[in-house]
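1. Predicted model and sequence follow; I will ask about them next.
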Amino acid sequence: MKSRKLNFAAIALSVISMIIVWCAKYTMYFFKGDVTFNLFPILLVQPFFLLLFLIMWKKQLPKWVTIVSVALEIILFLVSFGVGAANILNYPHFLNNLAQALPVILLGIGLLLVFMYFDKLLQVRKVKIAALAVIVLFAVVGVSVTVPCYLVTGAVVFDTSDEYTVEFISNRNGLGFVEVTKDGETETFVQTAHSKKVAHTNIHQVAIPKEKLRGAEYRVGVKSVLLTVSNHTFFGNTAYGDKIKFREQASSEGAAFLSVSDIHSLPSGAVKAAYKNLDRLDFIACLGDFVSFAGNKYDLAMLVDSMAKLSGGEIPVIYTRGNHELMGEGANAVEDYIPAPEGEFYYTFKYNNAFFIVSDFGTDRSDDDHGFSGLSDGVNYRREQLDFYKDAVDEAKSFGGDYVVHLSHVPVNTEQETLKPDLEEVMGLLNGAVDMSVCGHTHKFKITEPDSRVEFPVIEEGGNMNTVPSSYIGGLFTLKDGHITLEKINAEGETLETINIK
């Protein structure tokens, strides 16, 4: 290309467009009823344009090639930029993908510049180049080995049935521990597995007996691992979290809990609502779609950190997996980040004289939906759970409590044809056994009264109603003296309406 400035601009547009497309890759796929459309393969032609512009940097091509290629590059850049801008509310995932790809991006840009200005680089003395390369190499190794360990999430306390599991994530691998101070005495708990303390992980899950943590002050920490040679591990710095006062139960019978769903990586409204009502709550029921995509370790860290921010680490949380946690290449790793009882996302738990049944219905799209590339196995997964629901209903009856509550992400009474048949038998088992079902998924606040098909009220508690955090609506449930009361809570933590459920 005759103009070096135009050629450089074309190369820059191509590189920027490729970065945008990669970092916004999750928003490149569009669902519209049964019609699906994926822009990602179309925009992958960018590397070919980049190669063409690099050839032009070294060799003059016909004028028409320059005009056509630059014009097409501008169009492709505008399309990729437009798609990214249209999905600006997914910026947390964009930034997470950028963080993951940053080393490759920097290396790629460096190689491009070397290729483009190789002739000028040859004019520099070889000794200087070699010295610079050695210095850079030592700097990279030194930084990678000695970067201080720090916590990338707050502490979240999961109710895992017979015990609490305190989870937090660090930037480096290390030995996670929790210091618990109660009645003037401090006891340290560490993560262990199969007779060994777990040090070579950055996901720290420390089990603590409930009676030890209730009413106590605790602090999480990580003793970082620098490197391991043979069987000897060398440790680096120790990072600590803030001291947190874990609360005693707020309710002596029944329970008070806030249900939160569909915040899609934008938790600030829900966090504010929870903070305003935290002293009233026994726990927070996290009903899924806390992220839009479970793409990488940064997305999954956001999933954990959102629950840490909601609870402040002061009260326990209960987690129900949403359909969006099934999207992305990190979906199968969610179980590594969420310590679910018995290792499953469907389970039961008791709180005072209340019994809870937690469901995981997966996604409400068919297994052969083009958007899942043949990787969905929802029908078999839901079929495998039927014995669980039979046992759960029997357990609820034998428990003899005053309240039985069902929790799920997708409403059990959904009218979605791909899911409805699978849930008919589940509803049949729950009919006559549960007092209410609480769910999310629809981004609506809605109460469906009992009828002949569903003999219990189904409450859809909203989430981020219009995607933005300020539109958040949640449900605060109080189970007390044999009654169930629902408060409709907004992003300011204000009660908009009080409804008697039972």
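-> Happy to help now that I have it. Keep in mind that this is a model prediction, so the values were computed, not measured.
2. Excluding residues flanking it in the chain, which one is nearest residue 69?
-> residue 52 (5.5 Å; C-beta to C-beta, 6 or more residues apart in numbering). In short, each C-beta sits where N, CA and C put it, glycine included.
3. what's residue 360 sitting at in phi/psi?
-> Residue 360 adopts backbone torsions of phi -140, psi 100, taken as degrees, to the nearest 10.
4. Residue 285 now?
-> Torsion angles, degrees, to the nearest 10, at residue 285: phi -90, psi 110.
5. And for it, the neighbour number?
-> 25 (other C-beta atoms under 10 Å).
6. what bridges to it?
-> residue 259, residue 318 (DSSP bridges).
7. now do residue 357
-> Beta-bridge partners, per DSSP bridges, of residue 357: residue 348, residue 406.
8. Please give the element, helix or strand, for the residue nearest to residue 69.
-> Residue 52 belongs to helix 46-58 when elements are defined using DSSP states H and E.
9. That helix: which residues count as buried?
-> For helix 46-58, the neighbour count (16 or more other C-beta atoms under 10 Å) marks 46, 49-50, 52-54, 56-57 as buried.
10. pLDDT and distance to residue 290 for those residues - can I get that in a markdown table?
-> Listed next are the buried residues of helix 46-58 as a markdown table, based on pLDDT from 0 to 100; distance: C-beta to C-beta, whole Å:
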| residue | pLDDT | distance to residue 290 |
| --- | --- | --- |
| 46 | 88 | 32 |
| 49 | 91 | 38 |
| 50 | 92 | 37 |
| 52 | 91 | 43 |
| 53 | 92 | 41 |
| 54 | 91 | 42 |
| 56 | 91 | 47 |
| 57 | 91 | 46 |
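11. so which of these comes closest to residue 16?
-> residue 46 (9.7 Å; C-beta to C-beta).
12. pretty sure the closest one contacts residue 14?
-> Yes. Under the criterion of C-beta atoms under 8 Å, residue 46 makes contact with residue 14 at 5.6 Å.
13. where does residue 375 fall, helix, sheet strand or coil?
-> For residue 375, the secondary structure call by DSSP: H, G, I helix; E, B strand; the rest coil comes out as coil.
14. which parts of the helix or strand following the helix holding residue 52 are buried?
-> Next helix or strand after helix 46-58 toward the C-terminus (DSSP H and E): helix 63-86. By 16+ other C-beta under 10 Å, the buried positions in helix 63-86 come out as 66, 69-70, 73, 76-77, 79-81, 83-84.
15. what's the pLDDT at residue 121?
-> pLDDT, residue 121: 68.
16. Same question for residue 116.
-> 88.
17. In this protein, which residue is most central in space?
-> Closest to where the C-alpha atoms of the chain average out (C-alpha atoms, centre = their mean) is residue 303, at 2.9 Å.
18. related to what we said a few turns ago, with distance to residue 458 as added columns, please give the buried residues of helix 46-58 in CSV.
-> Shown next, in CSV, are those (distance: C-beta to C-beta, whole Å):
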residue, distance to residue 458
46, 47
49, 52
50, 52
52, 57
53, 57
54, 59
56, 62
57, 62
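19. Chain neighbours aside, what residue packs nearest to residue 382?
-> residue 422 (4.5 Å).
20. That neighbour belongs to a helix, doesn't it?
-> Yes. Checked against three-state DSSP, residue 422 lies within a helix.
21. Report the contact partners of it.
-> For residue 422, the contacting residues are 361, 378-379, 382-383, by C-beta atoms under 8 Å, 6 or more residues apart in numbering.
22. before we move on, back to that, go through the buried residues of helix 63-86 and say which is closest to residue 266.
-> Nearest member of those to residue 266, counting by C-beta to C-beta, is residue 84, at 16.9 Å.
23. Per-residue pLDDT of the closest one, please?
-> 82.
24. what separates it from residue 326, distance-wise?
-> 24 Å (C-beta to C-beta, to the nearest Å).
25. and if you look at residue 257?
-> 24 Å.
26. Tell me which of those two has more neighbours.
-> Each of residue 257 and residue 326 has its neighbours counted (other C-beta under 10 Å); residue 257 has more, 29 against 23.
27. gap between that one and residue 203?
-> The value you get for residue 257 to residue 203, if C-beta to C-beta is used, is 26 Å.
28. try residue 468
-> Taking C-beta to C-beta, one finds residue 468 at 30 Å from residue 203.
29. Give me the more crowded residue out of these two.
-> Taking other C-beta under 10 Å, residue 468 and residue 203 do not tie; residue 203 has more neighbours (21 against 13).
30. Okay, and the more buried one sits in which element?
-> Residue 203 belongs to strand 201-209, assigned by DSSP H and E.
31. I'd like the next helix or strand past that strand.
-> helix 210-213.
32. tell me the mean pLDDT over that next one?
-> For helix 210-213, mean pLDDT rounds to 96.
33. Alpha carbons only: can I get it in PDB?
-> Once non-C-alpha atoms are left out, helix 210-213 reads as follows in PDB (Å, rounded to 0.1, in the frame of the first residue of the first chain):
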ATOM      1  CA  LYS A 210     -22.100 -24.700  62.200                       C
ATOM      2  CA  GLU A 211     -22.000 -24.300  66.000                       C
ATOM      3  CA  LYS A 212     -18.300 -23.200  65.600                       C
ATOM      4  CA  LEU A 213     -19.100 -20.300  63.200                       C
END
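34. so how many other residues sit close to residue 474?
-> 29.
35. Does anything pack onto the helix or strand where it lies? Which helices or strands?
-> Element membership of residue 474, judged by DSSP H and E, is strand 472-480. Contact analysis of strand 472-480 by 3 or more C-beta pairs under 8 Å, 6 or more residues apart in numbering; DSSP states H and E lists strand 255-260, helix 268-277, strand 403-407, strand 458-461, strand 463-464, strand 483-490 as its packing neighbours.
36. Run the chain-centre distance for it.
-> 23 Å (C-alpha atoms, centre = their mean, to the nearest Å).
37. before we move on, what about stretch 487-497?
-> 25 Å.
38. Could you list the single helix or strand in the protein with the lowest mean pLDDT?
-> Sorting the helices and strands of the chain by mean pLDDT, DSSP states H and E puts strand 29-32 at the bottom, at a mean of 64.
39. circling back to that earlier point, among the buried residues of helix 46-58, which one lies nearest to residue 2?
-> residue 56 (9.3 Å).
40. distance of the closest one from residue 271?
-> According to C-beta to C-beta, residue 56 and residue 271 sit 51 Å apart.
41. what is the mean pLDDT for stretch 246-262?
-> 95.
42. Please disregard the earlier target; I meant stretch 494-502.
-> The model assigns stretch 494-502 a mean pLDDT of 95.
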